[in-house]
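> Predicted structure and sequence below. I'll ask about it afterward.
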Amino acid sequence: MSGDVGPGGPPVEDRMPVGDRVSGHGEAGPEGPPGDGRGPYRGAATGGLPPDGRVDGFRRRAAQRGGNQQWMFAILPAFPLVLLVVRLWYASRQDTQTLLLLVQHVSALGLLTAVLLTTLWVLPALVLTARALGTLYRVSTGRSSWLSAAADRIPDWVVVPSVVVGLLSWQLRFLPTLAALSLAVLGLSVHDRVPGRRDLVVACTLVLPLLVGAGLYAWLAPAIGQAFAEGDVVTTVLLALPPGLAVLLTGPVPARAAAALTTSVAVAVLALAPVFTAAVVVEAPILPLVGLEISGEGADEEIAGKVLLGHVIATDDRVSTFLDRDGTVRFIANGAVASQFLCPDLGQIPSSRIALRRWYVEHSMLSWFAPDPLEKPSDPRCPGRPAGAVTSSGPS
């Protein structure tokens with residue numbers, strides 16, 4: 001009975017909190033105003049949470065979701081190590097013994113530094129793309145997804161340094177894309193957080209992208225014209241297209257297309273990012289590029305009187321372990337080495353002549369602000385010609 005009296009007190013129903021009273025059919029009582037604790041699962045005893053059984057279920061599912069994500073944090077430290085092994089495997093030309101030799105003598109810290117500097121451009125791309133796609137899905141559909149959850153895990157204090165790192169490390173031809181992604185993140189974040197501020201939304205999604213786009217076109221006009229004149233389609237598209245698309249990327253898309261668009265782009269980025277990263281890493285230098293001029297005496301007939309280009313792996317008091325550029329390992333007696341010299345990295349020479357105020361499109365802003373390299377003549381033996389051959393071919 002609803003009027004049963006407990007020992008020494010008022011009826012049991014009168015002693016129950018209002019928010020915990022249920023009807024005789026087991027359904028929740030009437031829902032009150034927000035914050036009064038009278039919702040279907042809100043009560044004074046549970047502090048605004050469901051009953052004990054459902055609380056345990058919610059906590060168990062939350063713990064399972066957290067446990068399922070632990071593997072991602074476990075493999076993060078292993079990713080740079082995998083890149084290092086791939087780079088050494090590529091340098092050894094798939095030979096196991098050469099790979100073991102490189103692992104034994106190559107400095108892991110130096111190689112890790114080279115790999116991290118080479119892949120520095122990947123982090124801003126992943127951070128900005130994930131933040132933009134997750135926010136775009138929520139703004140367009142009004143719902144949340146795994147992309148929205150990933151975007152919520154990227155705070156603003158991570159986005160801002162990512163933009164700065166990309167501004168310094170990305171090549172000139174990719175800076176318009178960086179500007180478009182940054183404007184998209186800003187506009188979509190304003191849409192998501194303060195949708196009622198119409199003036200702020202218009203300023204961040206329409207006025208600011210138009211001003212930035214006009215400024216970029218005015219600044220990049222000489223480089224765009226030069227790329228178009230030389231028929232460089234890729235550079236022309238990278239410089240001319242993103243500033244115009246910035247306005248279209250700052251607002252929501254139709255709800256029916258949002259899921260397909262964001263998911264397909266996210267899957268493509270996740271699939272292609274490791275491929276492009278590995279392609280860049282396998283070209284990263286592992287040791288200084290040096291040349292050895294071999295004397296005609298005390299050396300094998302195959303290399304006597306020649307200039308070898310490659311990397312010195314190790315040196316002791318008798319022989320030098322040398323890795324040719326074609327992957328051949330040679331053990332050369334120290335007495336047979338006439339001279340040793342350092343050669344420039346040909347990979348740093350730009351392949352495109354398109355430049356903006358002496359800033360080549362394949363160079364980053366950091367290299368543009370850095371001091372110019374010292375003017376010094378390149379060693380004529382770096383192409384692989386012995387000094388005697390150069391002298392004999394010159395004027396008498």
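Ah, there it is.

> so where's the stretch 151-300 of the chain uncertain?
For the stretch 151-300 of the chain, residues meeting the criterion pLDDT under 70 lie at 298.

> what ranges do the strands span in it?
Assigned by DSSP state E, counting those that start in this stretch, the stretch 151-300 of the chain shows strands spanning 290-294.

> Spell out the residue ranges of the helices in it.
Per DSSP state H, counting those that start in this stretch, the stretch 151-300 of the chain carries helices over the ranges 156-169, 175-193, 198-202, 208-229, 233-245, 255-281.

> Of those, flag the one that's most buried.
Mean neighbour count (mean count of other CB atoms under 10 Å) peaks for helix 175-193 among the helices of the stretch 151-300 of the chain, with a mean of 22. Heads up, the C-betas are built off the backbone N, CA and C, glycines and all.

> who touches the biggest strand by length in the chain?
Assignment by DSSP state E gives strand 307-315 as the longest strand of the chain. Under the criterion CB atoms under 8 Å, 6 or more residues apart in numbering, residues 101-102, 105-106, 286-294, 320-325, 329-330, 332, 334, 340, 343, 381-382, 384-386 lie in contact with strand 307-315.

> mind saving the C-alpha coords of that strand as PDB?
Presented in PDB, the C-alpha positions along strand 307-315 are these (Å, rounded to 0.1, in the frame of the first residue of the first chain):
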ATOM      1  CA  VAL A 307      86.200   7.800 -56.600                       C
ATOM      2  CA  LEU A 308      83.500   6.100 -54.500                       C
ATOM      3  CA  LEU A 309      80.400   8.000 -53.400                       C
ATOM      4  CA  GLY A 310      78.400   6.800 -50.400                       C
ATOM      5  CA  HIS A 311      78.500   6.600 -46.600                       C
ATOM      6  CA  VAL A 312      81.200   5.700 -44.200                       C
ATOM      7  CA  ILE A 313      79.600   3.300 -41.700                       C
ATOM      8  CA  ALA A 314      82.500   2.700 -39.400                       C
ATOM      9  CA  THR A 315      86.300   3.100 -39.300                       C
END
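
> Now that strand: average pLDDT?
Average pLDDT, strand 307-315: 87.

> Tell me what angle whichever helix or strand comes after it forms with strand 307-315.
The first helix or strand that comes after strand 307-315 along the chain, using DSSP states H and E, is strand 319-324. Relative orientation of strand 319-324 and strand 307-315, computed by axes from the mean of the first three to the mean of the last three CA atoms, to 10 degrees: 130 degrees.

> And residue 102, which helix or strand is it part of?
Assigned by DSSP H and E, residue 102 belongs to helix 96-105.

> and the angle from that helix to strand 319-324?
If you take the same axes, to 10 degrees, helix 96-105 sits at 120 degrees to strand 319-324.

> Name the next helix or strand following helix 96-105 along the chain.
helix 108-118.

> buried ones in that following helix?
Neighbour-count burial for helix 108-118 flags 111, 114, 115, 118 (criterion: 16 or more other CB atoms under 10 Å).

> which helices and strands does that helix pack with?
Contacts defined by 3 or more CB pairs under 8 Å, 6 or more residues apart in numbering; DSSP states H and E place helix 108-118 against helix 78-91, helix 255-281.

> how about a cut-off of 6 Å?
Using 3 or more CB pairs under 6 Å, 6 or more residues apart in numbering; DSSP states H and E, the elements in contact with helix 108-118 are helix 255-281.

> The helix it packs on relative to helix 78-91, how many degrees between them?
Going by the same axes, to 10 degrees, helix 255-281 is angled at 50 degrees with respect to helix 78-91.

> Mark which of the contacts of strand 307-315 are buried, thanks.
Taking 16+ other CB under 10 Å as the criterion, what is buried in the contacts of strand 307-315 is 101-102, 106, 286-287, 289-294, 320-323, 329-330, 332, 343, 381-382, 386.

> quick one: the residue lying closest to residue 244 once chain neighbours are set aside from residue 178, how far?
Nearest non-adjacent residue to residue 244, counting by CB to CB, 6 or more residues apart in numbering: residue 213, 6.2 Å away. Residue 213 sits 13 Å away from residue 178, going by CB to CB, to the nearest Å.

> repeat for residue 110
The gap separating residue 110 from residue 178 is 29 Å, by CB to CB.

> Okay, and the beta partners of the residue nearest to residue 313 when sequence neighbours are not counted?
Among residues not flanking residue 313 along the chain, residue 321 sits closest, at 4.3 Å (CB to CB, 6+ apart). Beta-bridge pairing for residue 321 (DSSP bridges): residue 314, residue 331.

> tell me the contacts of residue 321?
Contacts for residue 321 (CB atoms under 6 Å, 6 or more residues apart in numbering) come out as 313, 314, 331.

> So which of the residues you listed wins on neighbours?
Counting neighbours by other CB atoms under 10 Å, residue 313 comes out on top of the contacts of residue 321 with 19 neighbours.

> Any regions of the stretch 1-150 of the chain where pLDDT drops low?
Using pLDDT under 70, the stretch 1-150 of the chain drops low at 1-80.

> try it again with 90
Applying pLDDT under 90 to the stretch 1-150 of the chain picks out residues 1-123, 140-150.

> buried stuff in the longest strand of the chain?
Using 16+ other CB under 10 Å as the test for burial, strand 307-315 gives 307, 308, 309, 310, 311, 312, 313.

> ok, so of those residues, who is nearest residue 170?
residue 311 (28.8 Å; CB to CB).

> Tell me which residues touch the closest residue to residue 118 other than its chain neighbours, please.
Nearest residue to residue 118, sequence neighbours excluded (CB to CB, 6+ apart): residue 284, at 4.4 Å. Contacts for residue 284 (CB under 6 Å, 6+ apart) come out as 114, 115, 118.

> Return the distance of residue 284 relative to residue 247.
Separation of residue 284 from residue 247 (CB to CB): 37 Å.

> again with residue 219
18 Å.

> what's the answer for residue 260, then?
Distance, residue 260 to residue 247, by CB to CB: 22 Å.

> Would you enumerate the residues in contact with residue 104?
With CB under 6 Å, 6+ apart as the criterion, no residue contacts residue 104.

> the domain parsing of this protein - what is it?
Per the record, the chain has its domains at 19-68, 79-281, 290-391, by automatic domain parsing.
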